[in-house]
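> please find the sequence and the predicted model below.
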Amino acid sequence: MQNSRIVIDGTSLTCPLVARAARGDVIITIDPAGVSRARAAWRTARAVAAERPVYGRTTGVGANRVVEVEWEDADAHGLRLLRSHAAGAGPLVAPEIVRAMLAVRLNQLAAGGSGVDPGVLQPLADALNLGLLPPVPVYGAIGTGDLTALASTALCLLGERAWLGGPDAGVARGPGFRLGSADALAFISSNAATLGEAALAVADLRALLDAATVVTALSLLAVRGSEEPYAPTVHEACPHPGQVEAAAAVRTLLAFDHPTPARIQDPYGYRAFPQVHGPALEAARYAENVVTREVNAAAENPLIDVAGRTAWHNGNFHTAYVGLALDAARAALFQTMALSAARLGTLTEPSFTGLYPFQAATEASSGIMILEYVAHSALADARRLATPAALGSAVLSRGVEEHAGFSTQSARATTDALAASRIGLGCELVAAVRALRMQGRAPAGGPLRAAYDVAAAVLDDRVEDRPLDADIATAADALPAIARLLPPPLP
């Protein structure tokens with residue numbers, strides 16, 4: 001089967017496209033318009049640097065910005081910069097995050113504004129297509145530039161550092177390009193690694209929230225919950241967009257099932273789902289908008305202005321928007337995952353399911369008792385990771401760089417919070433499907449029945465006491481497929 005193709009043009013990269021580039025079997029190509037923008041910026045940068053000081057091209061960096069680089073030392077200056085900044089530490093980040101970084105930096109360069117030689121675009125695309133990865137350690141960035149990660153990438157391009165992965169793994173040979181010394185700072189002055197991880201996290205967050213809506217509907221059906229909290233009149237009275245969307249989604253999922261409710265009023269896990277899940281939907285949507293804007297921006301310092309034939313020294317390297325958006329998304333994710341754990345508690349109760357305690361095979365058996373412990377263990381991590389990364393501070397480079405938003409740490413915390421949340425939601429899915437099976441019931445039709453069938457096809461139907469670790473893992477793995485079954489919101 002032919003590989004799918006992603007065209008990088010500097011203007012239309014999305015979080016789902018970053019995820020495809022990072023995880024899928026795709027071919028990366030470059031739109032000629034992006035090459036043209038990069039070439040125009042490169043020519044302008046050279047012309048401006050010949051006439052006036054330009055940070056990183058004719059000067060040192062950080063506190064050394066006041067030091068002019070002598071013309072006879074210019075060729076060596078950039079190489080020293082790359083070597084000195086390729087100093088990350090700790091374990092290597094996941095390969096998919098490195099691929100996301102390469103895709104984002106390629107798109108940023110195609111947006112124009114960096115002044116980097118356009119000849120670097122194709123080697124970056126080649127590295128992606130060949131499966132070549134620069135070594136990128138976890139520690140080295142705080143949200144004001146992924147300098148260590150991109151310096152390592154540059155040294156791989158130059159042949160000084162060995163690539164990882166692909167047919168040329170371990171070979172210190174670039175895909176055929178020598179980065180010019182004057183372009184060294186311009187190439188590494190980017191948050192591409194942070195933005196790449198943020199894009200992956202946002203795409204995964206949207207999918208997890210969709211899956212949570214479907215799992216909630218399955219649980220509601222299993223406990224014979226009331227549909228009243230999802231009625232249109234309720235949400236017209238308090239019309240937050242996310243709340244309205246969450247309620248409408250559950251109504252759509254339950255369109256084929258209208259059982260008589262077992263209680264006049266359900267616990268919060270069901271009754272307040274739209275009000276708690278809605279903020280998470282809105283936070284995810286806002287975060288996606290912020291990250292999409294950033295990955296398509298010429299957020300370079302200095303910014304090469306082709307039309308104005310000048311360079312602007314600026315603060316667009318600072319990703320406060322990204323960090324704060326992800327901080328808010330994690331807080332909202334924790335809230336909605338806490339409701340999942342609460343619903344799991346109801347699925348162990350005979351008064352809600354009509355089954356033995358813990359959906360056990362006998363009155364004395366343990367059944368799914370342990371799922372609550374696992375879910376709350378995962379929830380504890382989601383709570384810990386919800387602490388805002390933006391509360392940190394840093395003063396660096398002899399006081400010249402006196403603030404950091406720690407968006408890098410926010411992106412990493414979001415990745416980890418999502419992993420924990422998948423486990424918790426997987427526990428609820430196991431319990432909901434098991435309850436319906438033991439009750440001899442299933443959704444009557446529509447997307448909810450399709451989701452039930454997806455889960456039932458892979459989850460073990462035995463109810464005697466046995467290890468449930470495989471069930472949890474299987475349920476967590478099924479969540480993306482279940483998410484895709486949620487009907488899109490009405491316009």
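Thanks, I have the structure now. Nothing here was measured: the structure is a model prediction, and the numbers come from that model.

> run a quick neighbour tally on the residue nearest to residue 99 when sequence neighbours are not counted.
With C-beta to C-beta, 6 or more residues apart in numbering as the criterion, residue 99 has its nearest non-adjacent residue at 4.2 Å, and that residue is residue 22. Any C-beta I mention is one placed from the backbone N, CA and C, and that applies to glycine too. Residue 22 sits with 25 neighbouring residues when counted by other C-beta atoms under 10 Å.

> what does the one 10 residues further on give?
Taking other C-beta under 10 Å as the criterion, the count of residues near residue 32 is 10.

> for the one 5 residues further on, same thing?
Counted with other C-beta under 10 Å, the neighbours of residue 37 add up to 23.

> what kind of secondary structure is it in?
helix (DSSP: H, G, I helix; E, B strand; the rest coil).

> any chance of the backbone angles for residue 396?
phi -130, psi 170 (degrees, to the nearest 10).

> repeat for residue 139
Torsion angles at residue 139 (phi, psi; degrees, to the nearest 10) stand at phi -100, psi 130.

> again, but for residue 6
Here is the backbone geometry of residue 6 (degrees, to the nearest 10): phi -120, psi 120.

> these two touch, right, the residue nearest to residue 99 and residue 104?
No: when contacts are counted by C-beta atoms under 8 Å, residue 22 is not listed as touching residue 104 (9.6 Å).

> where do the contact lists of the two overlap?
Shared contacts of residue 22 and residue 104 (C-beta atoms under 8 Å, 6 or more residues apart in numbering): residue 196.

> got the contact list for residue 374?
Shown in contact with residue 374 (C-beta under 8 Å, 6+ apart): 423-424, 427, 472.

> ok, now with 7 Å
Each residue near residue 374 by C-beta atoms under 7 Å, 6 or more residues apart in numbering is listed here: 423, 427, 472.

> mind listing what's buried in the helix ranked longest in the chain?
Ranked by residue count under DSSP state H, the longest helix found in the chain is helix 407-439. Neighbour-count burial for helix 407-439, counted by 16 or more other C-beta atoms under 10 Å, picks out 407-418, 420-438.

> in stretch 323-342, what's buried?
Going by 16+ other C-beta under 10 Å, stretch 323-342 has these buried residues: 323-342.

> residue 393 falls within a helix, correct?
No: read with three-state DSSP, residue 393 is coil and lies in no helix.

> check contacts around it.
Residue 393 touches residue 404, counting by C-beta under 7 Å, 6+ apart.

> mind showing which ranges of the stretch 151-300 of the chain have poor pLDDT?
Residues of the stretch 151-300 of the chain that meet the criterion pLDDT under 70 lie in 167-178.

> now do the helices in it.
In the stretch 151-300 of the chain, the helices defined using DSSP state H, counting those that start in this stretch lie at 184-188, 192-222, 232-236, 241-253, 268-271, 273-295.

> now swap in the stretch 1-150 of the chain and tell me
15-23, 32-49, 74-85, 95-110, 121-130, 147-158.

> what lies in contact with the fourth one?
With C-beta under 7 Å, 6+ apart as the contact definition, helix 95-110 has outside contacts at 8-10, 13, 18, 21-23, 28, 30, 34, 37-38, 114, 116, 120-121, 124-125, 127-128, 133-134, 136, 149-150, 165, 190, 192-193, 195-197, 199-200, 295-296, 298.

> so where's the stretch 351-491 of the chain shaky on pLDDT?
Where the stretch 351-491 of the chain drops to pLDDT under 70, the residues are 398, 400, 491.

> how big is the angle separating the longest helix of the chain from helix 95-110?
130 degrees (axes from the mean of the first three to the mean of the last three C-alpha atoms, to 10 degrees).

> which helices and strands sit right next to helix 407-439?
Counting contacts by 3 or more C-beta pairs under 7 Å, 6 or more residues apart in numbering; DSSP states H and E, helix 407-439 packs against helix 192-222, helix 320-346, helix 369-385, helix 446-458, helix 469-483.

> most tightly surrounded among these?
Of all the helices and strands packed on helix 407-439, helix 192-222 has the most neighbours on average by mean count of other C-beta atoms under 10 Å, namely a mean of 27.

> name the nearest residue to the residue most central in space within the chain, sequence neighbours excluded.
The centroid of the chain falls nearest to residue 201 when counting by C-alpha atoms, centre = their mean (1.2 Å). With sequence-adjacent residues excluded and distances taken as C-beta to C-beta, 6+ apart, residue 201 is closest to residue 414, at 4.1 Å.
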